[in-house]
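1. everything below, folded, please.
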Amino acid sequence: MTQHPITPPIELVQQWFLGAKAMPVDQWVTDVATQAAQWGADQELEACCEYLVRCAQWEPEDVDDLRTTRQPKPQSLKEMALEALTSAPGPDYPSVMTVLNADQHALIRRALEQLDD
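-> The predicted structure is shown next:
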C-alpha cells in the first residue's frame, strides 16, 4: 500500500496522542483530528507556495501574504479579553462588568491570571 504524501510522521501522531491522553475520549478524538487536519492543510499550503515560487514565479512577499491569509494566527488571550471588554455596552467599568456574560467574565479572569504580579 502506498502512503499518501500528506501523512503525518508517526512521531507527530504519537505526540498528539500523548498530549490528548488525559482528555475525555470525545474531546481527544476531536483534538487529534483537528491537529491532523491543520497539519495536513499546512503541508498542502507549503507545497502550493513552493510551486507558486518555482513555476508561477510569484514574488516571496506575495507567497508570504498567501500564508498569512490562509494561516491566520489565533487571537491571544489578551486580545480576546480586550475584545470582550470593548464589545460589552457601557462606557464605565462598573456597568461593563455587570453586563458581561459568564464566558466573558471567565475569559477576562483567565487573561488576568496570566499577568505577572
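2. residues of the helix or strand hosting Asp42 that come out buried?
-> Using DSSP states H and E, Asp42 sits within helix 25-54. By 16 or more other Cβ atoms under 10 Å, the buried positions in helix 25-54 come out as Trp28, Val32, Gln35, Ala36, Trp39, Cys49. All C-beta spots, glycine's among them, are computed from the backbone N, C-alpha and C.
3. how close does the fourth one get to Thr68?
-> Applying Cβ to Cβ, to the nearest Å, one obtains 23 Å for the distance of Ala36 from Thr68.
4. ok, the second one next?
-> To Thr68, Val32 is 26 Å away according to Cβ to Cβ.
5. what is the helix holding Asp42 packed up against?
-> Judged by 3 or more Cβ pairs under 8 Å, 6 or more residues apart in numbering; DSSP states H and E, the packing partners of helix 25-54 are helix 10-20, helix 60-70.
6. quick one: that helix to chain centroid distance?
-> With Cα atoms, centre = their mean, to the nearest Å as the basis, helix 25-54 stands 12 Å off its chain's centre.
7. might you report the residue contacts of Cys49?
-> Counting by Cβ atoms under 8 Å, 6 or more residues apart in numbering, Cys49 touches Val63, Leu66, Arg67.
8. ok, 6 Å please
-> Counting by Cβ atoms under 6 Å, 6 or more residues apart in numbering, Cys49 touches Val63.
9. swap in the one 3 residues further on?
-> For Leu52, the set of contacting residues under the criterion of Cβ under 6 Å, 6+ apart consists of Trp58, Val63.
10. can you give me the pLDDT of it?
-> Note for Leu52: predicted pLDDT of 93.
11. give me the pLDDT value at Leu112.
-> You'll see Leu112 listed with a pLDDT of 77.
12. apart from its neighbours in sequence, what residue is nearest it?
-> Of all residues not flanking Leu112 in the chain, Ala81 sits nearest, at 7.6 Å (Cβ to Cβ, 6 or more residues apart in numbering).
13. I figured the one you found hits Arg109, correct?
-> No: using Cβ atoms under 6 Å, Ala81 is not in contact with Arg109; the gap is 8.9 Å.
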